[in-house]
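[1] 3D model of this:
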Amino acid sequence: MIEATDSIVTMKDAIRAVGEVAGIFIMGLGVGIIGVLRKRTMSLKPSQWTSIKEKKFVKQHGQVHELLTEMRVTLRASRCLIFQFHNGGNFSDGSSIKRFSVTHESCASGITSMLLESQDVLLTRYIEAIRILEESPNKILSVNSLPLSCFRSGLEINNVVFFTISTLKCLDGLTPLGFVCCHWCDLNELDGIHEEGIEESSIEQLITQTTHQINNYLSIKKTEK
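    Next comes the predicted model:
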């Protein structure tokens, strides 16, 4: 009788031991799976964030280019460009060297691109352009009316006969962000718009509205970087 009881107790102990081992094994397996899942989640999140940012950047860039192209086609312009200011280093006294570069461009068929030649340009070479930004933004101007300058030479080299410059600013409405340029290399295209009865004030209003829309997209991009 005692032997039977001892064997039952031994069997219960064995079952309990097996249960404890199985529980430890299952718990360890669960912890391991959770760890793997956490590592996988952590490894995926940065790439997912990067992908989202890249998609948003591409979308915004596409929207800016679409607005630029739509304005060029509507105005029958030869070329529309966006220039953005940036710091190109520092002088020996520590002050920043102001530069600008073309970041977006839309050209009509057969018109030479200015994108590559207009990178990292010293702002001091184009003081005339800054003067026009302050005094005559969005106005259609003749290249022949400009005084001799680097700005005029650059337009003439690229066969521009008429142009406009429109101001881009940061979200504070004060800090310069850059400017939008429309170029007409064929006088007949601009004359054609006038012959259709479209007033110059309407053209300037369209340029102002489109520049404002472009400004909104570029300001968003600046704040999200």
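
[2] for the record, mean pLDDT for stretch 186-205?
    Taken as a whole, stretch 186-205 has an average pLDDT of 86.

[3] contact partners of that stretch?
    Around stretch 186-205, the neighbours that count as contacts under CB atoms under 8 Å, 6 or more residues apart in numbering are 75-78, 138-140, 161-162, 164, 184. From N, CA and C alone the C-beta is placed, and that goes for glycine too.

[4] distance to residue 102, neighbour count and secondary structure added to these, as TSV?
    Conversion of the contacts of stretch 186-205 to TSV gives the following (distance: CB to CB, whole Å; neighbours: other CB atoms under 10 Å; DSSP: H, G, I helix; E, B strand; the rest coil):
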residue	distance to residue 102	neighbour count	secondary structure
75	19	21	helix
76	21	17	coil
77	15	28	coil
78	15	26	coil
138	19	19	coil
139	21	15	coil
140	21	16	coil
161	20	17	coil
162	19	21	strand
164	16	25	strand
184	18	25	strand
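
[5] tell me which stretches of the chain form helices.
    The residue ranges that make up the helices of the chain, judged by DSSP state H, are 2-75, 127-135, 150-157, 187-195, 200-224.

[6] residues contacting the residue lying closest to residue 88 once chain neighbours are set aside?
    For residue 88, ignoring the flanking residues on the chain, the nearest one in space by CB to CB, 6 or more residues apart in numbering is residue 99 at 3.5 Å. Contact criterion CB under 8 Å, 6+ apart gives 85-88, 120-123 as the residues in contact with residue 99.

[7] which of these are buried, as a ChimeraX select command?
    ChimeraX command restricting these to the buried ones, with burial defined by 16 or more other CB atoms under 10 Å:
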select :85,121,123
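
[8] farthest-apart pair in the contacts of residue 99, please.
    Distance extremes for the contacts of residue 99: the farthest pair is 87 and 121 at 13.2 Å, using CB to CB.

[9] looking at residue 11 now. What's its pLDDT?
    Value listed for residue 11 in the pLDDT field: 52.

[10] do residue 122 as well
    At residue 122, the pLDDT value in this model is 88.

[11] repeat for residue 162
    Predicted confidence (pLDDT) for residue 162: 96.

[12] now the chain, which segments are flagged as low pLDDT?
    Using pLDDT under 70 as the threshold, the predicted model of the chain has low-confidence ranges 1-50, 52-57, 220-225.

[13] now, which of the contacts of residue 99 lie within strands?
    Secondary structure from DSSP state E places 85-88, 121-122 of those in strands.

[14] export those to JSON lines and tack on distance to residue 71?
    Converted to JSON lines, the ones in strands among the contacts of residue 99 look like this (distance: CB to CB, whole Å):
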{"residue": "85", "distance to residue 71": "21"}
{"residue": "86", "distance to residue 71": "23"}
{"residue": "87", "distance to residue 71": "28"}
{"residue": "88", "distance to residue 71": "28"}
{"residue": "121", "distance to residue 71": "23"}
{"residue": "122", "distance to residue 71": "27"}
